[in-house]
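**Student:** Have a look; sequence and predicted model below, questions after that.
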Amino acid sequence: MNPSVLRRYDWLSLVPIAAGLWWLLAAHRAGWLIWAILPGVTLLGSGVSMLLWHEMGKQTQVMAMGAFAGALLCLPAAWTGSAGAALIALALSAASFLVAGRTALRYADRVEAAPPAPMEAKVYAKAALDEALLGYFVTMAKSPTGDLAERMCDEAGKLEVMLGDRGWLADPASFHKAPPPPEQVRQTAARAAGFDHQRLRFPSAFMPDPLLPGADRWLSLQRNRDCAAWMMRHDEPGRPWLLCIHGYRMGFPLADFGLFDPKALHHKLGLNLLGPILPLHGPRRAGWQSGDGFLDGDLLSLLHAETQALWDLRRCIAWIRAQDPGARIGVLGYSLGGYNASLLAAHEPGLDFVVAGIAVADFVPMLWGHLPAPHRAYFNARGFDHQRLRRVLQVVSPLARAPQLPAERLHLFAGTADRVVPPDQPLRLARHWGRPIEWYPGGHLTFRGEPGVQRCIQGAIAGAGWAR
């Protein structure tokens, strides 16, 4: 951390304070106040907090969310209140957005092996966008409370003992089984975001060991028991297949096509694309949002979620190979998808390449760090600390086993200003793989179009001999 951050007051906090006050006081019409409450309260609260307490994290997340909301709400505020006041509110919200990004980067832990993020306005904006997303994730996450928190503490100890006694902690590969290909796959023609594709559905057939704590609860999630995927396939045989693994809270074509760019990958490069939907996402969701229960609620459910994710991904690969013998298969995953791409690399032989983009390598510091302080104190007192959680999740960690393909077929890219998956995460995976990272000067949500990202993906495709 730069010593310049060691100051009594951060006077840039006056920008969101002024923005919040303006939103709340600029007009007294009821129509204005309806739209002003959210950005006004969040900007004022986060600004005062930033001024008085130097504990960055939720402050910059809330500030970025409030500023983003202000930019969206200035138009209806202008329509129902005052156009002039709305323009000033928009300018103050935009300035607060940049302050959130700049502050988050200035207070971020410096990782020596990663290039520093450029301290310039466009990078502040990218970091602030990440802060807003992270704030949304944290705000919407369900922290374990009451009986669930108590049950987690009891089951964590039982899981650790069982995983150790069965030899699974020492040999994570023995915890996972290679799935057979599905016998029947339902295919339905569909169109989304201007792209024709096929929707695939088939039984997952995943069965956790019935003695594992939580196995019965996991199997009770009925919609999760079927695999879902989207596919774009050429009529010409022999085309390579790219397995496209989406990120957290995604898993529906409109969002996934924005990540995987069918125009470039399917039409221009001529690849067959298969996009499996991860457990609890998209049509497999268990809550009202895609991804509910994967990284929140019962933290131990992540063991079952990732075990099934690996099973389902390998089942998709088995299906490709069953109906296209000799198929050349590569993997591209982003964020949570990058984690699963690297987990797949540790357990699936015969892949042409794996690209792990903006990838999580270890969920534990991220999950533990975002828990409220009283929760961490309670879990620690009950013997359920972050080390125990790491041991339980070791069997689904990409860092627990060497990859099953040569190092030159492994590729990574990451953002120097990423606030969702900070640079130390892809660096841990890079050290495990013995591979360099293709860095780009941006955040988690802004990797599309970055030259470094394109070099990484194109290098993986060319290195596999797929270039047309």
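**Tutor:** Sure, I can see it.

**Student:** Now do the strands in the chain.
**Tutor:** 186-192, 195-203, 226-232, 241-245, 272-276, 329-334, 353-357, 410-415, 438-440 (DSSP state E).

**Student:** Quick one, which of those strands gets closest to Ser301.
**Tutor:** Each of the strands of the chain has some distance to Ser301 by CB to CB; the shortest is strand 226-232, at 18.2 Å. Where C-beta positions appear, they are placed from N, C-alpha and C, glycine not excepted.

**Student:** mind listing what's buried in the lowest-mean-pLDDT helix or strand in the chain?
**Tutor:** For the chain, using mean pLDDT, DSSP states H and E, the weakest element among its helices and strands is helix 30-52, scoring a mean of 86. For helix 30-52, burial by neighbour count (16 or more other CB atoms under 10 Å) applies to 32-33, 35-36, 38-40, 42-47, 49-51.

**Student:** what about the longest helix in the protein?
**Tutor:** With residue count as the measure and DSSP state H as the assignment, the chain has helix 83-107 as its longest helix.

**Student:** And it, how far out from the chain middle?
**Tutor:** 25 Å (CA atoms, centre = their mean, to the nearest Å).

**Student:** how about Gly282, what does it touch?
**Tutor:** Ala228, Met250, Gly251, Phe252, Ser290 (CB atoms under 8 Å, 6 or more residues apart in numbering).

**Student:** Straight-line length of stretch 393-407, end to end?
**Tutor:** Stretch 393-407 stretches 24 Å from its first residue to its last (CA to CA, to the nearest Å).

**Student:** Which of the contacts of Gly282 has the largest number of neighbours?
**Tutor:** Gly251 (28 neighbours; other CB atoms under 10 Å).

**Student:** Tell me how far the residue nearest to Gly415 when sequence neighbours are not counted lies from Val123.
**Tutor:** Distance criterion CB to CB, 6 or more residues apart in numbering; nearest residue to Gly415, sequence neighbours excluded, is Gly442 at 4.7 Å. Relative to Val123, Gly442 is positioned 7 Å away (CB to CB, to the nearest Å).

**Student:** the more surrounded of these two?
**Tutor:** Gly442 (28 against 22).

**Student:** For that one, list the residues it contacts.
**Tutor:** Counting by CB under 8 Å, 6+ apart, Gly442 makes contact with Val123, Lys126, Gly415, Thr416, Ala417, Asp418, Glu450.

**Student:** Pick out whichever of those sits closest to Ala67.
**Tutor:** Using CB to CB, the contacts of Gly442 come closest to Ala67 at Lys126, 13.8 Å.

**Student:** got the contact list for that closest one?
**Tutor:** Here Lys126 is in contact with Gly101, Gly415, Ala417, Gly442, Gly443, Leu445, Thr446 (criterion: CB under 8 Å, 6+ apart).

**Student:** Give me the spatial nearest neighbour of Ala94, chain neighbours excluded.
**Tutor:** Leaving out its chain neighbours, the residue that sits closest to Ala94 by CB to CB, 6+ apart is Ala71, at 6.5 Å.

**Student:** And the one you found, what's its pLDDT?
**Tutor:** pLDDT recorded at Ala71 is 92.

**Student:** Same question for Arg8.
**Tutor:** pLDDT, Arg8: 53.

**Student:** Val396 is in contact with Thr307, isn't it?
**Tutor:** Yes: assessed by CB atoms under 8 Å, Val396 is found in contact with Thr307 at 5.8 Å.

**Student:** Please identify which of the two sits among more neighbours.
**Tutor:** Between Val396 and Thr307, counting by other CB under 10 Å, Val396 is the more crowded of the two (25 against 22).

**Student:** Poorly predicted segments of the protein, please.
**Tutor:** Within the chain, the segments meeting pLDDT under 70 span 1-9, 53-57, 468.

**Student:** And the helices in the stretch 251-400 of the chain?
**Tutor:** Remark: helices assigned in the stretch 251-400 of the chain by DSSP state H, counting those that start in this stretch are 253-260, 262, 301-323, 336-347, 363-370, 373-381, 386-392.

**Student:** Format the ones you listed as CSV; extra columns: distance to Leu273.
**Tutor:** Output for the helices of the stretch 251-400 of the chain, formatted as CSV (distance: least, CB to CB, whole Å):
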stretch, distance to Leu273
helix 253-260, 7
helix 262, 7
helix 301-323, 11
helix 336-347, 13
helix 363-370, 27
helix 373-381, 40
helix 386-392, 34
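
**Student:** Please identify the deepest-packed of those.
**Tutor:** helix 336-347 (a mean of 27; mean count of other CB atoms under 10 Å).

**Student:** how much distance is there from that one to the middle of the chain?
**Tutor:** For helix 336-347, the distance to the chain centre is 13 Å (CA atoms, centre = their mean).

**Student:** Go ahead and produce PDB holding the CA coordinates of it.
**Tutor:** What follows is helix 336-347, C-alpha atoms only, in PDB (Å, rounded to 0.1, in the frame of the first residue of the first chain):
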ATOM      1  CA  LEU A 336     -16.300 -18.400 -11.700                       C
ATOM      2  CA  GLY A 337     -16.100 -20.100 -15.100                       C
ATOM      3  CA  GLY A 338     -12.300 -19.500 -15.000                       C
ATOM      4  CA  TYR A 339     -12.200 -21.400 -11.700                       C
ATOM      5  CA  ASN A 340     -14.100 -24.300 -13.200                       C
ATOM      6  CA  ALA A 341     -12.000 -24.200 -16.300                       C
ATOM      7  CA  SER A 342      -8.900 -24.600 -14.100                       C
ATOM      8  CA  LEU A 343     -10.600 -27.300 -12.100                       C
ATOM      9  CA  LEU A 344     -11.400 -29.100 -15.300                       C
ATOM     10  CA  ALA A 345      -7.700 -28.900 -16.300                       C
ATOM     11  CA  ALA A 346      -6.800 -30.700 -13.100                       C
ATOM     12  CA  HIS A 347      -9.000 -33.600 -13.800                       C
END
